[in-house]
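In: okay, predicted coordinates and the sequence, questions at the end:
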Amino acid sequence: MTVEICDLGTWGATTLAAEYDAECDAIRVNARAVERVRVALGDAAAAAFIDCAVAHERFHQSHPNASEAEAHAFARARAGTDPHAFEAVLR
């Protein structure tokens, strides 16, 4: 599995965080989201955001029927940061 930072655009008024692409087994983290987090919360928070986004997408890839709450809990345990901490910045 690869991880790419690229422009995923938006979904309505919300900036997409990340998506898993099964065709090429890649997690794409939205460069727009990384930059918004970096500007609002700093470089360390941007790195933590990437870790959370990757953990969240990996969980969904492994557990396709899992809820967002379950993926958030996994990301929080794996990355050590609550994914909810970034939501206000991305909306």
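Out: That came through, no problem.
In: what bridges to residue 15?
Out: Judged by DSSP bridges, the bridge partners of residue 15 are residue 10.
In: residues touching the lowest-mean-pLDDT helix or strand in the chain, excluding its own?
Out: The helix or strand of the chain with the poorest confidence is strand 10-11; it has a mean of 72 (mean pLDDT, DSSP states H and E). By C-beta atoms under 8 Å, 6 or more residues apart in numbering, the residues outside strand 10-11 that reach it are 16, 32. Every C-beta, even on glycine, is put in place using the N, C-alpha and C of the backbone.
In: repeat the analysis, applying 6 Å as the threshold.
Out: The contact list for strand 10-11 (C-beta atoms under 6 Å, 6 or more residues apart in numbering) is empty.
In: cool, and stretch 29-47?
Out: 5-8, 15-18, 49-50, 53, 86, 89-90.
In: which ones among those map onto strands?
Out: 5-6, 15, 18 (DSSP state E).
In: out of these, the closest to residue 68 would be?
Out: residue 18 (12.8 Å; C-beta to C-beta).
In: tally of neighbours for residue 40?
Out: 13 (other C-beta atoms under 10 Å).
In: what's the helix or strand for it?
Out: Using DSSP states H and E, residue 40 sits in helix 31-41.
In: what's the average pLDDT for that helix?
Out: For helix 31-41, mean pLDDT is 95.
In: quick check: buried residues in that helix?
Out: By 16 or more other C-beta atoms under 10 Å, the buried positions in helix 31-41 come out as 32-34, 36-38.
In: which of the residues you listed sit farthest apart?
Out: Among the buried residues of helix 31-41, the pair separated by the greatest distance (C-beta to C-beta) is 32 and 38, at 10.8 Å.
In: look up phi and psi at the residue sitting furthest away from the middle of the chain.
Out: Residue farthest from the centre of the chain, counting by C-alpha atoms, centre = their mean, is residue 23 at 18.8 Å. Main-chain torsions, residue 23, degrees, to the nearest 10: phi -60, psi -40.
In: just checking, what's the longest helix in the chain?
Out: helix 43-62 (DSSP state H).
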